[in-house]
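Enquirer: Give me coordinates for this.
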Amino acid sequence: MGPDITIRPAQKTDAPCICELLQQIDRFHQSFDRLQIRQGEPTLMDQIKIENAIAGEENIVYVAAEGKDDVIGYVRMSIDETNGNRIFVPLRIITVHDLIVAKERRCNGIGAALMKTVDRIAHETNAQRIRLEYYAENQTARRFYETLGYRQLRHTVVYDLPDRADNHTA
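Expert: Numbers count the residues shown, from 1 in each chain. Below is the predicted model of the structure:
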């Protein structure tokens, strides 16, 4: 990561750049999940949703910026409180919903710097765990998170209903 790259809280004005990053990752994830990952250009509604995520209280959003305004990475997280039951104890968990680094800037420590920010937020909010998901086929993500000390805890399985899956693969 270069000296002119900073990790900072996202601002509403970052939304168009974040939308571009989301489009890059959508294209990448298409091969993993054609049923659920959408296609196409970002819409005005996408930008509004990002602006609302930045301004709202449910999400914590940070960007990696080169210079003042060139957003080259993004992380969106939330703080979740789980309810205890007879099996599980209550936990405060940071859930990472999105971590994206511009394709041409990957493998330069930007993703690790964004995840250090997640770790810092977890410590500041007294969270006991950081949780995230990635596609099982995404071996690059698996290796990245393993180098940061993450471990696989659960497996998620899906079954796409044939008559419904065909309607979404246009």
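Enquirer: since we're on residue 15, how many residues are nearby?
Expert: Residue 15 is flanked by 23 other residues according to other CB atoms under 10 Å. From N, CA and C alone the C-beta is placed, and that goes for glycine too.
Enquirer: which one's the longest strand in the protein?
Expert: strand 70-81 (DSSP state E).
Enquirer: following that strand, which helix or strand comes up?
Expert: Per DSSP states H and E, the first helix or strand lying C-terminal to strand 70-81 is strand 92-101.
Enquirer: Would you double-check that residue 6 falls in a strand?
Expert: Yes - counting by DSSP: H, G, I helix; E, B strand; the rest coil, residue 6 is part of a strand.
Enquirer: any idea how far it lies from residue 162?
Expert: Separation of residue 6 from residue 162 (CB to CB, to the nearest Å): 48 Å.
Enquirer: quick revisit: return the set of buried residues in the longest strand of the chain.
Expert: Across strand 70-81, burial judged by 16 or more other CB atoms under 10 Å covers 71-79.
Enquirer: For the protein, identify the residue most remote from the centre.
Expert: The C-alpha centroid of the chain is most remote from residue 86, which lies 30.9 Å away (CA atoms, centre = their mean).
Enquirer: ok, that residue to residue 62 distance?
Expert: In terms of CB to CB, residue 86 sits 37 Å off from residue 62.
Enquirer: For residue 130, give the beta-bridge partners.
Expert: Beta-bridge pairing of residue 130, defined through DSSP bridges, involves residue 94.
Enquirer: Not counting sequence-adjacent ones, nearest residue to the residue nearest to the spatial centre of the chain?
Expert: Taking CA atoms, centre = their mean, the centroid of the chain lies closest to residue 98, which sits 0.9 Å from it. Nearest residue to residue 98, sequence neighbours excluded (CB to CB, 6 or more residues apart in numbering): residue 76, at 4.4 Å.
Enquirer: Tell me if I'm right that that neighbour and residue 94 touch.
Expert: No - the pair residue 76 / residue 94 is not scored as a contact, 11.1 Å apart, by CB atoms under 8 Å.
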